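# sequence first, predicted coordinates after that:
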Amino acid sequence: MNVAVRASKRKKAETRPDPADLLAWYDRHRRVLPWRALKGQRADPYAVWLSEIMLQQTTVKTVGPYYVKFLTKWPTVEALAAAPLDDVLRAWAGLGYYARARNLHACARAVVERHGGIFPADLDALRALPGIGDYTSAAVGSIAFDLPAVPVDGNVERVVSRLFAVEQPLPAAKPAMKQLATALLPPERSGDFAQAFMDLGATICSPKSPACGLCPWTEVCVTRARGDQEAFPRKAPKREGKQRYGAAFVVLRDDGRVLLRQRPEKGLLAQMTEVPGSDWTHDFDADTALDAAPSFKVKVKWQKLTGQVDHVFTHFPLALTVYLGHVPRGTVAPKGGRWARIDGLADEALPNVMRKVLSHALDR
């Protein structure tokens, strides 16, 4: 490559990205999503907020059916606020990160109580609502109200890191990336710009094998010019959480019911439904596992099932040994427990780890 060509490429890579190029690309290629307003229509703040909470740490493909289910059951923020929390948790089961569901319900109630059921068109007021931080307030504010804000999610971070070759690793680089993204904000169409940024990262600037030839900013991307775009964003080494162990007890009653209970109000999987079990610890003693088994007036013969249930939480991996027991029809549930129909488990607020436990015990 001659000097003139290299200089030309370097000059292009040093040119500032033009938001108009991204908006023009978005007008042609915008994704059709259940919660996204059609071109020319005003976005519904409730739909935007609901989808953004669901999309945190979850993929668009996974969220779609849950979003439709929620909107069918609770078509307005007032309806969601009036729903019992247990119903919301049951509908959320399977989406993970269950604190989001509790915050979702608390936020709906706050919108009704503080703002008469209308989401405020103000970034500070949005940020003051339960479960809404900088990202969600920027998303709702820009998309629903066209406020001047850029919601910076993982897709946007990836685009920005490659455009400007941000060498600082995540998560330390988050403030710098937000500043760079905000600096690109056009004077108009904030909502479209936010969604265009997200779409670009989701469909073109993918983690592996990005389609740089289709990117509206390919000529001004620093890492594209260097050829090392897949090395970005830089990430700090991830620390693995220490393995934890425990026991889970699946008790079946002869009338087709299984023993369930509710987890504590605070902590991991708070207020979700579970089968009885031990604490989850690093030094779990399998020899004393049955000490944590639920007690009944009748004697239960526990069967230790082969294999184990493995599950990975955000901060640690978990391995559960599952014990299966049977009790006769009419057996009273121990304090804090209740009997649930096995054929109705799909409607219970069971986190994924508990669904794995029940599947391990019942599918045999």
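Okay, I see it.
# all contacts plus neighbour counts: C-alpha atoms, from now on.
OK.
# could I get the contacting residues of Leu126?
Residues counted as contacts of Leu126 (CA atoms under 8 Å, 6 or more residues apart in numbering) are Phe119, Pro120, Ile132, Ser137, Gly141.
# by neighbour count, which of the residues you listed wins?
For the contacts of Leu126, the largest neighbour count, defined by other CA atoms under 10 Å, is 29 neighbours, found at Gly141.
# related to what we said a few turns ago, so which of the contacts of Leu126 comes closest to Leu318?
Distances from Leu318 to those, taken as CA to CA, are shortest for Ile132 (29.3 Å).
# picking that back up, looking at the contacts of Leu126, which are in helices?
In this view, the contacts of Leu126 that belong to helices under DSSP state H are Ser137, Gly141.
# contacting residues for Ala47?
Taking CA under 8 Å, 6+ apart, we find Ala47 in contact with Trp35, Arg36.
# name the helix or strand for it, please.
Per DSSP states H and E, Ala47 falls inside helix 45-55.
# quick one: mean pLDDT for that helix?
With pLDDT averaged residue by residue, helix 45-55 scores 96.
# where do the helices of the stretch 101-250 of the chain begin and end?
Remark: helices assigned in the stretch 101-250 of the chain by DSSP state H, counting those that start in this stretch are 123-127, 134-145, 154-164, 174-183, 190-203, 222-226.
# and these: which comes nearest Arg234?
When those are compared for distance to Arg234 using CA to CA, the nearest one is helix 154-164, at 8.0 Å.
# hang on, the earlier thing: now the element after the helix holding Ala47, going C-ward?
Next in sequence after helix 45-55, counting helices and strands by DSSP H and E, comes helix 60-73.
# and the contacts of that next one?
Pro34, Trp35, Leu50, Ser51, Met54, Leu55, Ala91, Trp92, Leu95.
# and for the fourth one, the neighbour number?
What that stands for is Ser51. By the criterion of other CA under 10 Å, Ser51 has 23 neighbours.
# my guess is it meets Leu33, correct?
No - counting by CA atoms under 8 Å, Leu33 is not a contact partner of Ser51; they are 10.0 Å apart.
# give me the neighbour count for the spatially closest residue to Val298 that is not a sequence neighbour.
Leaving aside its chain neighbours, Val298 sits nearest to Val327 (7.4 Å; criterion: CA to CA, 6 or more residues apart in numbering). Counted with other CA under 10 Å, the neighbours of Val327 add up to 20.
# gap between Val327 and Gln262?
Per CA to CA, to the nearest Å, Val327 is found 20 Å from Gln262.
# go on, Leu185?
Using CA to CA, we find Leu185 at a distance of 46 Å from Gln262.
# from Lys266, how far out is Phe232?
From Phe232 over to Lys266 the distance is 37 Å, taken as CA to CA.
# neighbour-wise, which of those two wins?
The neighbour comparison of Phe232 against Lys266 (other CA under 10 Å) goes to Phe232, with 22 against 9.
# mind showing which ranges of the stretch 1-150 of the chain have poor pLDDT?
Within the stretch 1-150 of the chain, the stretches with pLDDT under 70 are 1-14.
# in the stretch 251-364 of the chain, which spans are helices?
352-362.
# sorry, back to before: CA atoms only for the helix holding Ala47 - export them in PDB, please.
Provided in PDB are the C-alpha atoms of helix 45-55 (Å, rounded to 0.1, in the frame of the first residue of the first chain):
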ATOM      1  CA  PRO A  45     -43.600   5.300  27.600                       C
ATOM      2  CA  TYR A  46     -45.100   2.300  29.300                       C
ATOM      3  CA  ALA A  47     -44.100   0.000  26.500                       C
ATOM      4  CA  VAL A  48     -40.600   1.400  26.300                       C
ATOM      5  CA  TRP A  49     -40.000   1.100  30.000                       C
ATOM      6  CA  LEU A  50     -41.400  -2.400  30.300                       C
ATOM      7  CA  SER A  51     -39.200  -3.600  27.400                       C
ATOM      8  CA  GLU A  52     -36.100  -1.900  28.700                       C
ATOM      9  CA  ILE A  53     -36.400  -3.500  32.100                       C
ATOM     10  CA  MET A  54     -37.000  -6.900  30.500                       C
ATOM     11  CA  LEU A  55     -34.000  -6.500  28.100                       C
END
